[in-house]
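*Asks:* curious how this folds, go ahead:
(chains A and B)
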Amino acid sequence: MPDPLPLPVRVLFKGPSNITYLTPMSGPRTDFNFARVLEAELLEGGRPSTIRTFSVPSELAKGALKKWEAEVLGFSPDVIALTYGQYESVHLFLPRWLERHANTQKNRPGRIRDFYRKRVVRRWWMPLAKLQARVDRSPIATLTKSWRAQRTVDDLEQFVRNVRGVGSPLVLIFEVLPPAKRYQSWFPGMTARIAEFNERAAAMVERLDEADVRIVRVYPLVEEHAEGDLEVAIPDGFHWTPHMHRVIGTELARIVAEWADTQQHLKSPSRAVARPRRINRSEQAG
Amino acid sequence: MPAPVPLRVVVKGASTAVFLAETGGPRSDFNFGRVIESEILTAGRPAEVQVIAVPSYRAHFSLRNWEAEFLGYSPDVIVLHHGHYESIHFLLPRWLERHANSTRYRTSRRQAFYRRMILRKVWVTLAKIQSRVDGRISPLLFAGRLRRVAADVEALVNHLQTVGSPLILVMEVVPPGRRWQSWFPGLVERTAFVNAELEAAVRRIDRPNVRYVRTVPTLTAQLEPDEEPTPDGGHYSARAHRVLGELLSREILDWADTQPHLQVTAPPRTRRNRAG
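*Replies:* Okay, the predicted model is just below:
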């Protein structure tokens, strides 16, 4: 009879491109995003893991809410890490569908298609983005701040409430960083929008008041490992360097391993999980 | 020492496969998919278990998606838990049920007002009417719907044979708990009917790797006498999930022992053949 094997800790990452993109791109295979760093670190610590990452550019928190049943119910992750709030804070008024249409990497090649992208879409997209930047500097921009951040946090809260019903997983909500200098001129109001999102997300976590719903502060990691300089941590304006991915993944591994140590089902490879106790009728009614 | 091939398992079904009657319990409250993973690992076998299930998922969706879900992954074992959702509602359509009971809607004051003051009231009224009708006329008036479930499962199982003849376990549907019996008076009969159809489909397929798994006798034997497997009426309790997971994993492990590619230590003859 072979030795029993331990149950892997299941981790689900959800968010826009800030999980999977690295600056610079196209590095060696050892340039891990932080989801894979987490996997490597957990394995290094002798803990098997199953990591799933659903991260595509421009993914919104409302998208997570829409797909939660398919992505969470069957997998039933032990840990869920969310990095929403960044994309929602980027554009002042340009809609997501237009941004995706302009910046997509899924377009098919072809003479007419290439002509359309270069001569039509690009030519319209740039003036619109410049106009947006100009409006973003004016007082009008402040009008949209509150409802946008609150809407994102409301979607996140609903998502968290739903997933906590699936066996109370650990939920980690990432603090969002403001853009580096390169993008501040393109999105002048983004720093304020992100600050507001962070504040409201922290208030939401406080309101939920559950030990296993937490904010992951990334700014202290930037201070410690990138001299507090966003140009060093996210040189392209939005996406982490391989070094910062490693730092964040290592920090996540510490949090996850610490939490997993408190979980009966992840403790030992033997039959650590006793049969669940029976819930009596009065408890159910309550 | 060569690493053994992990045993690949896919579980397909509706909310019954993933929901627990007691929501928000501890992490150790597993659905039966994860119990299977845990049991296989405890037996010292590496395992990959995927549960593809969402509320109100029908057998014909599994048939529609089988190429994408099974061809590339090529699982060793497939557990099918269909027939429950299709038996529940006598008259009300799926789109309305999904709209009324969705947990995917965004929160806003307008949405909350619509859901609480309009949709909820309309839904409960319609459900009451359905319940009254269900109690008065034959619960098997739309039996064709249930026959189609078995036909879909049969077609799916036949297609799945092309993916290297996996072990396929078709689960018996558990009759509703007391709470649902008043809402769906004909559900007991419909469940019995769909079970008979599923069992007949498995018999027609007549292959040793396609099995009908009786769940009710095991649940009755292993739970306490007055303990309902589905305390909320339709979804298994954490204890029932564990009993079912253990039952299925026993079947899976026995089958895996007979499969040369799943031997934890590869037999010498297989190794020689590979080398040659």
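*Asks:* helices of the stretch 101-250 of chain B, start to end?
*Replies:* Using DSSP state H, counting those that start in this stretch, the helices of the stretch 101-250 of chain B run over B:109-113, B:120-136, B:143-160, B:178-183, B:187-205, B:216-222, B:238-256.
*Asks:* nearest to chain A, out of these?
*Replies:* helix B:238-256 (3.6 Å; Cβ to the nearest Cβ). C-betas here are computed from N, CA, C, even on glycine.
*Asks:* contact partners for whichever residue of the stretch 51-200 of chain A sits closest to chain B?
*Replies:* Closest approach between the stretch 51-200 of chain A and chain B, counting by Cβ to the nearest Cβ: A:Gly74, at 3.6 Å. Remark: with contacts taken as Cβ atoms under 8 Å, 6 or more residues apart in numbering or on different chains, A:Gly74 is in contact with B:Val11, B:Ala17, B:Val18, B:Gly33, B:Gln50, B:Val51, B:Ile52, B:Ala53, B:Val54.
*Asks:* can you give me the pLDDT of the third one?
*Replies:* It stands for B:Val18. The predicted local confidence for B:Val18 comes out at a pLDDT of 95.
*Asks:* so how many other residues sit close to it?
*Replies:* For B:Val18, the tally of surrounding residues (other Cβ atoms under 10 Å in any protein chain shown) stands at 29.
*Asks:* and if you look at the first one?
*Replies:* B:Val11: 28 surrounding residues under other Cβ under 10 Å.
*Asks:* tell me which element it falls in.
*Replies:* Taking DSSP states H and E as the definition, B:Val11 sits inside strand B:7-13.
*Asks:* so how far is that strand from its chain's centroid?
*Replies:* Strand B:7-13 has its C-alpha centroid displaced from the chain centroid by 10 Å (Cα atoms, centre = their mean, to the nearest Å).
*Asks:* tell me what angle it forms with helix B:143-160.
*Replies:* 160 degrees (axes from the mean of the first three to the mean of the last three Cα atoms, to 10 degrees).
*Asks:* mind giving me the packing neighbours of the helix or strand that strand B:7-13 is followed by?
*Replies:* For strand B:7-13, the succeeding helix or strand toward the C-terminus, using DSSP H and E, is helix B:15-18. Contacts defined by 3 or more Cβ pairs under 8 Å, 6 or more residues apart in numbering or on different chains; DSSP states H and E place helix B:15-18 against helix B:32-42, strand B:47-53, helix B:84-88.
*Asks:* 7 Å instead, please
*Replies:* Judged by 3 or more Cβ pairs under 7 Å, 6 or more residues apart in numbering or on different chains; DSSP states H and E, helix B:15-18 is in contact with strand B:47-53.
*Asks:* can you list contacts of the strand it packs on?
*Replies:* Contacting residues not belonging to strand B:47-53 are listed as A:73-75, B:6-14, B:17-18, B:31, B:33-34, B:36-37, B:40-41, B:69 [Cβ atoms under 7 Å, 6 or more residues apart in numbering or on different chains].
*Asks:* in ChimeraX, how would I select just the buried ones from those?
*Replies:* Filtering the contacts of strand B:47-53 down to the buried ones (16 or more other Cβ atoms under 10 Å in any protein chain shown) takes a single ChimeraX command:
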select /A:73,74,75 /B:7,8,9,10,11,12,13,14,17,18,31,33,34,36,37,40,41,69
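*Asks:* could you pull out the buried residues of stretch A:131-142?
*Replies:* For stretch A:131-142, the neighbour count (16+ other Cβ under 10 Å) marks A:Gln132, A:Ala133, A:Val135, A:Asp136, A:Ala141 as buried.
*Asks:* confirm that A:Gln158 sits in a helix.
*Replies:* Yes. When the secondary structure is assigned by DSSP: H, G, I helix; E, B strand; the rest coil, A:Gln158 falls within a helix.
*Asks:* in three-state terms, label the residue of chain B found nearest chain A for me.
*Replies:* Using Cβ to the nearest Cβ, the closest approach of chain B to chain A is made by B:Gly44 at 3.0 Å. Of the three states, B:Gly44 takes coil under three-state DSSP.
*Asks:* quick check, it in contact with A:Pro4.
*Replies:* Yes. Using Cβ atoms under 7 Å as the test, B:Gly44 is close enough to A:Pro4 to be in contact (5.6 Å).
*Asks:* those two - which one has more neighbours?
*Replies:* Neighbours were counted for B:Gly44 and for A:Pro4 using other Cβ under 10 Å; A:Pro4 has more, 18 against 14.
*Asks:* could you measure that one against chain B, distance?
*Replies:* Distance check for A:Pro4 against chain B: by Cβ to the nearest Cβ, to the nearest Å, it reads 5 Å.
*Asks:* so that residue, which of the three states?
*Replies:* In terms of secondary structure, A:Pro4 is coil; the call rests on three-state DSSP.
*Asks:* from B:His241, how far off is it?
*Replies:* Counting by Cβ to Cβ, to the nearest Å, the gap from A:Pro4 to B:His241 is 20 Å.
*Asks:* and if you look at B:Leu41?
*Replies:* With Cβ to Cβ as the criterion, B:Leu41 and B:His241 are 17 Å apart.
*Asks:* do the same with B:Glu199
*Replies:* For B:Glu199, the distance to B:His241 (Cβ to Cβ) stands at 23 Å.
*Asks:* ok, now A:Glu199?
*Replies:* In this view, A:Glu199 and B:His241 are 40 Å apart by Cβ to Cβ.
*Asks:* of these two, who's got more company?
*Replies:* Neighbours of A:Glu199 and B:His241, each counted by other Cβ under 10 Å, are more numerous for B:His241; the result is 26 against 12.
*Asks:* alright, I will stop here.
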